[in-house]
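> Just to be clear, the model below is a prediction. Sequence and coordinates:
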Amino acid sequence: MARIITVCWSEEKGTRKKAIAEGILREDYGLIDDAHADCCTHRQVSLLAIESINKMRGLGFDVDPGDFAENLTTEGIELVSLPIGTQLGIGEEIILEITQIGKECHTGCAIFRQIGKCIMPKEGVFAKVIRGGSVRCDNQIKRIRRDGE
C-alpha cells in the first residue's frame with residue numbers, strides 16, 4: 001500500500017521544510033500556512049518519494065524528508081512515472097492532480113547550497129489541490145485516474 005510518510009511545512013521559500021503531524025490542504029490553494037501555497041499557480045503542493053531521498057542517502061548524503069522542500073513525502077508510489085493530469089487520492093477526502101514533473105532548479109535552494117545536488121528537478125512532482133482535507137502520516141495515497149480517462 002502506498003502512503004504518505006511525512007507532511008512538511010515552511011514559513012519561507014528556499015528553505016528546508018519541517019515535519020508536522022497534520023496539515024490541511026485547501027482546494028485550489030495548497031497546504032495552509034506553507035510558503036509555497038498559492039491560488040494562482042499549478043504548483044500548489046510538492047511531492048517527493050522516500051525512494052528518491054534514499055538514492056541520495058545511498059550516495060552518502062545525510063538527508064531527510066522535508067530537506068528538498070517537498071510538502072508530502074510518499075512511499076510505494078512511483079511519482080515520476082505518473083503522467084500530467086493523473087489524479088491522486090489521499091486518505092478519504094483529498095484529490096490532487098499532477099501538474100508538473102520536475103522543475104528548473106535554482107542554485108539558491110538550501111539543499112543545493114549544502115550538498116551541491118538536488119533531486120527535485122528530476123524526481124519532484126507538483127500538483128494542484130482539486131479537493132482539500134486533512135493530511136497526515138500513514139494516509140493512503142493512490143492513483144485515481146488520469147485526466148481524460
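Everything's here; your move.

> Looking at the chain, which helix is longest?
helix 50-58 (DSSP state H).

> tell me the average confidence for whatever helix or strand comes next after that one?
The helix or strand immediately downstream of helix 50-58 is strand 72-75, counting by DSSP states H and E. The average pLDDT within strand 72-75 is 98.

> any idea which helix or strand comes after the helix or strand bottoming out on mean pLDDT in the chain?
When each helix and strand of the chain is scored by mean pLDDT, DSSP states H and E, helix 110-115 comes last, with a mean of 63. Note on helix 110-115: by DSSP H and E, the next helix or strand toward the C-terminus is helix 120-123.

> Can you show me the strands along this protein?
Using DSSP state E, the strands assigned to the chain run over residues 3-9, 18-20, 22-26, 30-31, 45-49, 72-75, 86-90, 94-101, 125-131, 133-136, 141-146.

> Work out the gap between the fourth one and the centre of the chain.
In other words, strand 30-31. 10 Å (CA atoms, centre = their mean, to the nearest Å).

> partners of Q140 in the sheet?
Beta bridges link Q140 to R3 when assigned by DSSP bridges.

> same check, this time on E97
Q87, K128.

> and R16, backbone torsions?
Backbone torsions for R16, taken as degrees, to the nearest 10, come to phi -70, psi 150.

> That one reaches V63, doesn't it?
No: using CB atoms under 8 Å, R16 makes no contact with V63, being 9.3 Å away. Just so you know, the C-beta spots here come from the backbone N, C-alpha and C atoms, and that holds for glycine as well.
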